[in-house]
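J.: quick one, what's the 3D model for this:
(2 chains)
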Amino acid sequence: MTLVLAADGRPLKASLNRALRRQKLRALMLIAPLLIFIMVSFVMPIADMLFRSVENEIVVETLPRTVATLDGWDSESGQAPSEDVFAALYFDLVLATEYKTHTRLGSRLNYEMSGISSLFRKSGRGVGRFTTDTYTDAIQAADLAYSDPAQWAVWMADDDVRAALPMTANIYDAWATMIIVAEEDVPAEEVPWDFVYTSLFLEVMEGAEPPIALDLSAVAPVSLRDQFADVDEDWLDPVVWQIVKIYSPEYTNGYFLNSVDRLKGLDGIEVRPENEQIYITLFIRTMIMSGSIMGMCVLLGYPIAWLLANLPARKANMLMILVLLPFWTSLLVRTSAWKVLLQRQGVINDTLVWYHSTWFGQLLDPVFMGLLNLCYALVNAITWVWNLINGIWGGTDGLYLDWAVAGFERLALINNQTGTIIAMTHILLPFMILPLFSVMKTIPIAYLRAAKSLGATNWTAFWRVYFPQSVPGIGAGCILVFILSIGYYITPELVGGTKGVFISNRIAFHISSSLNWGLAAALGTILLVVVMGLYWMYDKIVGIDNVKLGG
Amino acid sequence: MSALPSYATRGQRFWYYSFRVICGFIFFFLIAPIIVIIPLSFNAQNFFTFTPEMLALDPAGFSTKHYQDFFTDSDWQLALRNSLKIAPVATFLSVSLGTLAAIGLSQSHVPFRRLIMAILISPMIVPLIISATGMFFFYSNPYIPTPFGRIDLPFTLTGTYLGVVLAHAALGIPFVIITVTATLVGFDQSLTRAAANMGANPVTTFFKVQMPLILPGVVSGGLFAFITSFDEVVVVLFVGSAAQKTLPWQMFTGLREQISPTILAVATILIAVSIVLLIVVEMLRRRSERLRGLSPS
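T.: Numbering: from 1, shown residues only, chains lettered A, B, ... in the order given. As a prediction, the model looks like this:
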């Protein structure tokens, strides 16, 4: 078998492969700038958020020595830790207070147990007034060299001294760094602070050899445990220490547990007290409301898409503009329109009041209201059953009820779930109509006529012939609307009040008000996973390549 | 559906007309909220509802004072200027990078095509609040982490124009990719081959042959990207600072604290802008249909 050769003498196969490789490379070169851009400006931020939902370096970074010594403490003992741990806490806290990180740590731990924040703030203030200066005085009195900053610097540069006093060397280094960074001074010109002498004292008492021999047997030891207890009794509470120990690893699932109303207790995972459970309810509410919006969009979008798909092109194009105009109109314009319309003194309520004052209003109101209330009763019943399935007893509160009880009063249409559902249905309706329309456009109307000529009634022809063919369009529209609505922030924030908000509003709250960024990241991660699942489904059903914009 | 046959029964007639009435109501629901804003923005009072004078079409009930307010108030003018500064730059970024990538994606052999497409489209799918959260965290770092180590920046991106522009460009990219890819589907690759055959280099081919033909897609992608940035509020709220306050931001804070009637005037102006955009896109669509030999519908 002879090898087929290309013009340049290479085997044809190799030549083809090379051409193909070059083509691939060229395509990738064209894509690369954008891909890099998206990676840096979008994918990496999302990855950063995912990371922040488990990241928990603050405890071990702020209290490294305490965390290390706490390893030896038995959290089951029901006793506060020993003197060693309190000494480590003393060193860590003095440093943290100078760096001003102790308040941040306090607020971090406060998410897990309220009250810790003030404990840390109080102790940060108190730690400077500890009576450890007796050690300083005693050591400086024993030999003058100990009060000379330059001498300290020389000792601490000497490997023999460092080996003899490992803890003091460590503390001195931390102190020196702090003096340079936080105080912007030179360590060799500053007398070490009390806590450095404290560590020297502790080490000498344990039998270490200082550079100049010290006799400290006459000095009365100061119990740091008691010092801390004097500042705040809570330091003797083993629960505080358990919290510190639980959150000492660098990574935590605490934020995720928090976002599903659980907490990391002493014996594993616990359910939060009833009055602190909000997130599961919020997730369920977000789902139910997105589902209602999706349902409303199908209900309103289907007839419109049918009409547009089956009218003569010229008329359909005119009507299409009515769909595309809202699609192109600013989200905030539409939200402000709804805010204006739905207010208690707004256009809709004014119209209703006017209508009720006319004679036909008087005549027809009882009928309409009766019908309306019947609808609400039905919706309430469905909601109630739905809640029951989800394990919520009763709880139809407000979903549609405030309309039902409103009767002839001005309706409460805004700052509740009703407002959110109305406004968001309006905002997302074009996203349902456009995919439905593009699917319906491909269904030949002749099928309907054929069905009818075979004896089907209008309804059978529609339900058995037309509807099944339009299901892909419904699927595409539903997923699109659901994905978009589940992460909405602006509209629920403006018209949702407290009852009509979504999980995204809670995320925004934690970012900008409560500053619990880890929890915001965890909630965001859960939301992202849900959306990604739906996106994957959308890709399977419609294909991302087939997304169309503007009809 | 197109017309009622003369032999239709009474039931069919009834259904035909009631269906149209239902559709009429739905169209009303779609369009009325937008239209209602327009006359309300000319209200002489600071009300959000029609005054008796307005309903009686009394000229005294109308005024342009809310518009004057918009054009003289420094807050609104700053917001408008910021919007007009940020959106074009973000659009330029996403259109230039996006068109290039869409051309790359349309080639016949692209490895990992689906994955790349999924990544490029994701800014449209990921909820804005998540994008905003991520960008807020990431842009407040004074460094960019890479697998090879950190690239230190002398500044953070939060509260800068650059940060907002980058974020908005990322959000606009899916629209450019989608529209340009859609036009490229109808693009005849043999045209570029013919151009190359006649001695044109790839750059000339691109600007003289390919670009004019895919221009409608690029322009409508650009319009989408522009409106995305011009309209965007969640990300700018998180990534920007008061100096980058945009028009939607000003509207959002205005709506949250208390509605000022100026918002209605701004809304009316924005509606006019969206009508113009809608017309441009529609004209582009018809043009491309005509060029492809389809009868304009």
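J.: how about the residues of the stretch 1-150 of chain A by chain B?
T.: A:20, A:23-24, A:26-31, A:33-35, A:37-49, A:52 (CB under 8 Å from any CB of the partner chain). Glycine gets a C-beta too; all of them are placed from N, C-alpha and C.
J.: from the stretch 51-200 of chain B, which residue is nearest to chain A?
T.: residue B:127 (2.1 Å; CB to the nearest CB).
J.: got phi/psi on that residue?
T.: phi -50, psi 140 (degrees, to the nearest 10).
J.: which residues does it contact?
T.: Residue B:127 is in contact with A:483, A:486-489, A:504, A:527-528, A:531, counting by CB atoms under 8 Å, 6 or more residues apart in numbering or on different chains.
J.: and the host helix or strand of residue A:290, how far out from the chain middle?
T.: Using DSSP states H and E, residue A:290 sits in helix A:279-310. From the chain centre to the centre of helix A:279-310 is a distance of 25 Å (CA atoms, centre = their mean, to the nearest Å).
J.: name the helices or strands packed onto it?
T.: helix A:313-328, helix A:417-440, helix A:467-486, helix A:503-512, helix B:10-40 (3 or more CB pairs under 8 Å, 6 or more residues apart in numbering or on different chains; DSSP states H and E).
J.: avg pLDDT for the longest one?
T.: For helix B:10-40, the mean pLDDT works out to 92.
J.: any regions of chain B where pLDDT drops low?
T.: Within chain B, the segments meeting pLDDT under 70 span B:1-3, B:291-297.
J.: filter the residues of the stretch 1-150 of chain A next to chain B to the buried ones?
T.: Buried members of the residues of the stretch 1-150 of chain A next to chain B, scored by 16 or more other CB atoms under 10 Å in any protein chain shown, are A:27-28, A:30-31, A:34-35, A:37-38, A:40-46, A:48-49, A:52.
J.: so which of those are in helices?
T.: A:27-28, A:30-31, A:34-35, A:37-38, A:44-46, A:48-49, A:52 (DSSP state H).
J.: for chain B, what is the nearest residue in chain A?
T.: For chain A and chain B, the shortest gap (CB to the nearest CB) falls at residue A:487, measuring 2.1 Å.
J.: and that residue, how far from residue A:419?
T.: Distance of residue A:487 to residue A:419, given as CB to CB, to the nearest Å: 18 Å.
J.: now do residue B:81
T.: Taken as CB to CB, the span from residue B:81 to residue A:419 is 33 Å.
J.: neighbours around residue A:10, how many?
T.: 14 (other CB atoms under 10 Å in any protein chain shown).
J.: angles on the backbone of it, please.
T.: Here is the backbone geometry of residue A:10 (degrees, to the nearest 10): phi -80, psi 160.
J.: just the pLDDT for the closest residue to it other than its chain neighbours.
T.: Closest residue in space to residue A:10, ignoring its immediate chain neighbours: residue A:18 at 8.0 Å, by CB to CB, 6 or more residues apart in numbering or on different chains. At residue A:18, the pLDDT value in this model is 88.
J.: quick check: phi and psi at the residue lying closest to residue A:142 once chain neighbours are set aside.
T.: Nearest non-adjacent residue to residue A:142, counting by CB to CB, 6+ apart: residue A:214, 5.0 Å away. Dihedral pair for residue A:214: phi -130, psi 140, per degrees, to the nearest 10.
J.: residue A:214 and residue A:172: what is the separation?
T.: From residue A:214 to residue A:172 the distance is 16 Å (CB to CB).
J.: give me the more crowded residue out of the two.
T.: Using other CB under 10 Å as the criterion, residue A:214 and residue A:172 rank with residue A:172 on top: 22 against 19.
J.: more neighbours: residue B:81 and residue A:419, which one.
T.: residue A:419 (25 against 13).
J.: need the contact list for that one.
T.: Listed by CB under 8 Å, 6+ apart, the contact partners of residue A:419 are A:338, A:342, A:413, A:495-497, A:500.
J.: and what of residue A:11?
T.: Contacts of residue A:11 were listed using CB under 8 Å, 6+ apart, and they are A:3-5.
J.: quick one on the thing from earlier: what about the residue nearest to residue A:10, distance to residue B:152?
T.: Distance from residue A:18 to residue B:152, by CB to CB: 41 Å.
J.: cool, thanks, talk later.
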